[in-house]
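> Have a look at this prediction, sequence included:
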Amino acid sequence: MDFDSVVLDRDPVVVRQPPRGWISTILREPLLHFMFIGAAIFVLSHFADITDNAAKTIRVTPELRQQLTEEFTSLEGRTPTSEEYRRVSLNWIRNEILFREALALKLDSGDEMIRERVAQKMRLLVFGRVTVTPPTDAELKAWFEARRAAYDTPIRYDFFEVSIPGENAEQKAHGYLADIEAGREPEDLRVRARVFAGRSAAALSEVFGGPFADAVVAMPVRTWIAVKSKVGWHLVRVDAVHPGEPADFTALRSNLELAWMEERRRQLAVKAVNELEAGYKIRREDLP
């Protein structure tokens with residue numbers, strides 16, 4: 001029969017079905033259903049959290065350090081210093097963050113490109129979202145004064161230079177200098193002399209080193225001196241000094257405002273990337 005009770009001689013007699021198994025009983029309990037659903041949600045959320053943590057973890061391994069070092073060496077012809085490696089590795093980390101964020105936004109959809117290309121797309125997206133308002137006159141003037149050295153025309157020097165090569169270069173340089181001071185200027189020095197015109201102290205420092213630039217700045221005009229640079233010994237004579245000229249804020253205002261806005265845009269873009277970086281765990285396994 002497919003019913004639980006029938007009537008016989010007016011008295012109800014309950015006819016019971018065969019007992020169900022314990023599994024069937026459990027499956028029919030609403031409370032247990034709720035517990036099973038809760039457990040499933042917990043497990044799924046646990047694994048989702050693990051996946052999310054993995055996506056937000058960036059591992060900088062010793063193998064990666066070796067790769068970055070080799071790339072730097074290939075470009076610069078030498079191994080990076082500790083500070084240079086720090087900058088290179090931080091740049092890699094930020095590119096990796098931009099790369100992952102770009103993938104999350106599906107910017108790579110339908111396009112086979114290398115990691116740097118995808119990171120560049122994200123970088124452009126970040127820059128595109130940055131809004132910069134023009135500076136006030138007070139802001140721009142303060143910014144200009146802090147960078148005046150880049151805009152002022154510096155003091156410039158015209159001078160002759162003769163390189164003294166080979167062994168005992170210092171001794172030779174001072175020997176030539178003694179001949180010049182005695183009025184016996186060697187003819188070959190005139191042939192080998194190079195003329196430098198309108199060079200600033202900063203330009204000299206970049207080519208010859210700071211001590212050489214300092215010596216040129218301090219030396220009297222039309223007087224030969226023997227001086228050492230980062231590339232060797234030289235005889236030098238300054239022939240003319242051209243005074244510097246301060247930059248005119250009013251004349252440069254339009255260019256200054258463009259430079260200010262570009263710098264501000266970069267600052268805000270870097271800040272945006274740093275905010276993205278805050279959501280990642282950086283494990284530096286490449287450093288001792």
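Arrived safely, thanks for sending. The structure presented is a predicted model; accordingly, all values stated were derived computationally and were not measured. Numbering: from 1, shown residues only.
> Break down the stretch 51-200 of the chain into its strands, ranges please.
Using DSSP state E, counting those that start in this stretch, the strands assigned to the stretch 51-200 of the chain run over residues 57-60, 156-164, 194-200.
> Run me through the strand neighbours of the last one, direction for each.
For strand 194-200, the paired strands and their directions (DSSP bridges) read strand 156-164 (antiparallel).
> Tell me the buried residues in the strand it pairs with?
Buried residues in strand 156-164, defined by neighbour count with 16 or more other C-beta atoms under 10 Å: 156-162, 164. C-betas here are computed from N, CA, C, even on glycine.
> List the neighbours of that strand that are in contact with it.
Strand 156-164 has contacts (C-beta atoms under 8 Å, 6 or more residues apart in numbering) with 172-173, 176, 189, 192-201, 204, 216-217, 226, 231-242, 244.
> what do you get if the cut-off is 6 Å, keeping everything else the same?
The contact list for strand 156-164, computed with C-beta atoms under 6 Å, 6 or more residues apart in numbering, reads 172-173, 189, 192-194, 196-200, 216, 233-242.
> Let's see which of those residues end up in helices.
If you go by DSSP state H, these have 172-173, 189, 192, 216 in helices.
> which helices and strands sit right next to the top strand by length along the chain?
Identified as the longest strand of the chain according to DSSP state E is strand 232-242. Other elements packing on strand 232-242 under the criterion 3 or more C-beta pairs under 6 Å, 6 or more residues apart in numbering; DSSP states H and E are strand 156-164, helix 169-181, strand 224-229.
> Could you dump the strands of the stretch 51-200 of the chain into TSV and include mean pLDDT and distance to Arg100?
Shown next, in TSV, are the strands of the stretch 51-200 of the chain (pLDDT from 0 to 100; distance: least, C-beta to C-beta, whole Å):
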stretch	mean pLDDT	distance to Arg100
strand 57-60	91	8
strand 156-164	95	50
strand 194-200	95	45
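> who wins for proximity to Glu181 among those strands?
Between Glu181 and those, the tightest spacing by C-beta to C-beta is seen for strand 156-164, at 14.8 Å.
> Output that closest one in PDB, but only the C-alpha positions, please.
Extracted in PDB, the C-alpha atoms of strand 156-164 (Å, rounded to 0.1, in the frame of the first residue of the first chain):
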ATOM      1  CA  ARG A 156      80.500  78.800 -18.600                       C
ATOM      2  CA  TYR A 157      84.200  78.300 -19.400                       C
ATOM      3  CA  ASP A 158      86.300  78.300 -22.600                       C
ATOM      4  CA  PHE A 159      89.600  76.400 -22.100                       C
ATOM      5  CA  PHE A 160      92.400  74.400 -23.700                       C
ATOM      6  CA  GLU A 161      93.000  70.900 -22.600                       C
ATOM      7  CA  VAL A 162      95.900  68.500 -23.400                       C
ATOM      8  CA  SER A 163      95.700  64.900 -22.200                       C
ATOM      9  CA  ILE A 164      98.900  63.300 -20.900                       C
END
